[in-house]
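In: Give me the fold of what follows.
(one chain, ligands or ions: 1)
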Amino acid sequence: MACIIDGKRISAEIRAKLKVEVANLKAERGIVPSLAVIIVGENPASRVYVNNKKRACDEIGIVSHEFALPCDVSQAELLSLIDELDHRGDVNGILVQMPLPAHIDEKAVIERISPIKDVDAFHEINVGKLMTGNFKFLPCTPAGIVRLLDESNIDIAGKHCVIIGRSNIVGKPLAMLMLHCDATVTICHSKTLHLDEICRTADILVAAVGRAKFVTADMIAPGAVVIDVGINRGGDGKICGDVDFDNAKEVASYITPVPGGVGPMTICMLMNNAVTAALLQNDDLKR
Ligand code: NAD
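Out: Got it, this is the predicted structure:
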């Protein structure tokens, strides 16, 4: 039976370390990291995510500013708020909670945030920096996954990592990050042929599909590490991942649960990026 990778515990340990780092920054250099979060409309899932981010900020000592805009806010108004926050010296990181209403161009919003305040690392400059390895910010979910593996003493170098999903926020940046960690990476997607066969060649299998119980035990090589990124609502109404956890755990060597696996790490890495942003804006590039 697989060892369960406890993302809740690991993320709590990282948040505790960040709290100490933030307290020291304040005491020794007068730097107080701050994060501005913009939420548009009343999407209940977005509200939960934004509340969780605020709670994490409070816990660590990061100042958070929330800007809740009505769902009919114009794109121009949203962009002008981003410009204002970009110019504010007391705001280190800017995050716009996605998804946005259909009348707003998400790409235009992402590109408006200064790369140095782009704590989600979605701006094309930060995406490019991830390609070349010259990065300061890493996208939060991929960074959280690599950190989970590292904290669990699972070596990525030389391993065959198969990622199901090619989104800009999970699959593609994770592939690049794993490549930087010397993995051999295969990205699978909705048009991939022989998916099951490819999955069975994985030493580390990552599911980022968004379909409940999509990865079944017969797609997993005995002893493989399974990372479940998915957040879905199962038939019973409960949150579940992309992996058929109960059967997969009998085959895998390590596995992340949902909830309590990758999810808590994503917020943790956002907090980490907010601290990095504060340091970058205080001309400290060493972190
Ligand atoms: P997305 O919808 O942008 O991408 C899904 C990917 O799955 C696509 O690239 C698609 O090609 C692939 N796919 C769909 N059907 C497939 C099939 N039959 N075979 C192979 N590949 C297939 O989703 P996303 O934003 O990358 O998110 C994926 C999941 O991860 C969602 O459930 C999302 O809620 C979750 N998520 C979790 C976190 C976290 O912090 N835990 C963060 C981001 C996303």
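In: The ligand contacts on the stretch 51-200 of the chain?
Out: 141, 164-167, 169-171, 188-190, 192, 195 (Cβ under 6 Å from any ligand atom). All C-beta atoms are positioned from the backbone trio N, CA, C, and that covers glycine.
In: just for this structure, where's the confidence low?
Out: Scanning the chain for pLDDT under 70 picks out 285-287.
In: Go ahead and flag the most central residue of it.
Out: Centroid check for the chain by Cα atoms, centre = their mean gives T141 as the closest residue, at 1.9 Å.
In: Helix, strand, or coil at the closest residue in space to it that isn't next to it in sequence?
Out: Nearest non-adjacent residue to T141, counting by Cβ to Cβ, 6 or more residues apart in numbering: T266, 4.8 Å away. At T266, secondary structure determined by DSSP: H, G, I helix; E, B strand; the rest coil is helix.
In: related to what we said a few turns ago, elements contacting the helix or strand hosting the residue nearest to the centre of the chain?
Out: According to DSSP states H and E, T141 maps onto helix 140-151. Judged by 3 or more Cβ pairs under 8 Å, 6 or more residues apart in numbering; DSSP states H and E, helix 140-151 is in contact with helix 7-29, helix 171-180, strand 225-228, helix 262-280.
In: name the helices or strands packed onto the helix or strand just after the first one?
Out: Toward the C-terminus, helix 7-29 is succeeded by strand 34-40 as the next helix or strand (DSSP H and E). Taking 3+ Cβ pairs under 8 Å, 6+ apart as contact, the helices and strands that strand 34-40 lies on are helix 44-60, strand 63-69, helix 75-87, strand 93-96, helix 262-280.
In: Show me the contact partners of the first one.
Out: To tie it back to what came earlier, the one meant is helix 44-60. For helix 44-60, the external contacting residues (Cβ atoms under 8 Å, 6 or more residues apart in numbering) are 15, 18-19, 22, 35, 37, 39, 62-64, 66, 95, 97-99, 267-268, 270-271, 274.
In: cool, and the second one?
Out: Taking contacts as Cβ under 8 Å, 6+ apart, the residues outside strand 63-69 that touch it are 32-41, 50, 53-54, 57-58, 77-78, 81, 85, 90-91.
In: can you pull the contacts of P70?
Out: Applying Cβ under 8 Å, 6+ apart, we find P70 in contact with V40, G41.
In: List phi and psi for it.
Out: phi -70, psi 160 (degrees, to the nearest 10).
In: What separation is there between it and the ligand?
Out: According to Cβ to the nearest ligand atom, to the nearest Å, P70 and the ligand sit 25 Å apart.
In: just I31 next, same as before
Out: Counting by Cβ to the nearest ligand atom, the gap from I31 to the ligand is 27 Å.
In: Would you agree that residue is in contact with A277?
Out: No: the criterion here is Cβ atoms under 8 Å, and I31 misses it with A277 at 10.8 Å.
In: ok, those two, which is more surrounded?
Out: Each of I31 and A277 has its neighbours counted (other Cβ atoms under 10 Å); A277 has more, 24 against 18.
In: I'd say that one and L95 touch.
Out: No: judged on Cβ under 8 Å, A277 makes no contact with L95 at a distance of 10.4 Å.
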